[in-house]
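*Asks:* Show me the folded form of this:
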Amino acid sequence: MLLHSGFMLRALAVDDEPPSLEELLYLLEADPRVSSVEGASDATAALRRINRALESGPGGDQGIDVVFLDIHMPGLDGLDMARLLAGFAKPPLVVFVTAHEGFAVQAFDLKAVDYVLKPVRRERLAEAVRRAVEQMDAAPLIPVHEPDPDHISVELGGVTRFVAVEDITHVEAQGDYARLHTAQGSHLVRIPLSTLEERWHARGFVRIHRRHLVALGHISELRLDAGTVSVLVDSVELQVSRRHARELRDLLMRRTAS
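*Replies:* Presented below is the predicted three-dimensional model:
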């Protein structure tokens, strides 16, 4: 998409407090540089809205150019959402709108366009809109490359890095997203657990619970206690559901025997 001078923003405002969200929507709708604005009450709903546009492709659902984002929200907070957005092939811009001053350094590490404090003043928000328009006008077209199947891209501190699949010990479902765990830390990615289960089944990842996918090679113990089953994965104990217990035991026995 080529961007021209005078670019009109398609905005998404995200805030879990209805009065704050309504005020932000009102101010953005009144700005002539904003062509459309939508609201979302949490990060999960906002990400679904953005993904819907990506999945519909050209000529489909209208995309989002800039997200005006609160930080303190239940579930995924604003910083987590910004990290996820940074991993998109064509991420929207982010403007943080928050009552808390203490996250400005983290926000700008995530390449935020601006950091607006509540209560929001019309003039201050107008400056954030100006910066967003200016950045959209100057944005270059970035080519998208196919990912390496042996790695998965994650965002850390505003930088996209590639984690080797073999280093991932287990994966935890978080709504429509997944948290990858390694010995060095964890990373949130915008991929459902079911997709990773299908993609990595041949690499030795198995479902042990509706919320957990584990790498067989990282299981150090299988524990049975009063009818419950759990596994030790790099010193982390994870419960195995009754539905998956027999299949997991069979897989581990075959792996030990081979």
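*Asks:* neighbours around the closest residue in space to residue 28 that isn't next to it in sequence, how many?
*Replies:* Nearest residue to residue 28, sequence neighbours excluded (Cβ to Cβ, 6 or more residues apart in numbering): residue 37, at 4.4 Å. Heads up, the C-betas are built off the backbone N, CA and C, glycines and all. Other residues near residue 37 number 21, with proximity taken as other Cβ atoms under 10 Å.
*Asks:* quick one: residue 37 and residue 29 touch, right?
*Replies:* Yes. With contact defined as Cβ atoms under 8 Å, residue 37 reaches residue 29; the gap is 5.5 Å.
*Asks:* about what we covered before: tell me the secondary structure at the residue nearest to residue 28.
*Replies:* Following DSSP: H, G, I helix; E, B strand; the rest coil, the label given to residue 37 is strand.
*Asks:* Point out where the stretch 51-200 of the chain drops to low pLDDT.
*Replies:* Along the stretch 51-200 of the chain, the parts satisfying pLDDT under 70 run over 53-62, 138-148, 155-159.
*Asks:* is it true that residue 240 touches residue 248?
*Replies:* Yes. Checked against Cβ under 8 Å, the pair residue 240 and residue 248 is within contact range at 5.8 Å.
*Asks:* shared neighbours of those two, which are they?
*Replies:* Taking Cβ atoms under 8 Å, 6 or more residues apart in numbering as the criterion, residue 240 and residue 248 both touch 208, 229, 231.
*Asks:* For the first one, give its distance to residue 238.
*Replies:* This points to residue 208. Separation of residue 208 from residue 238 (Cβ to Cβ, to the nearest Å): 6 Å.
*Asks:* ok, residue 224 - how many residues close by?
*Replies:* Other residues lying near residue 224 total 11 when counted by other Cβ under 10 Å.
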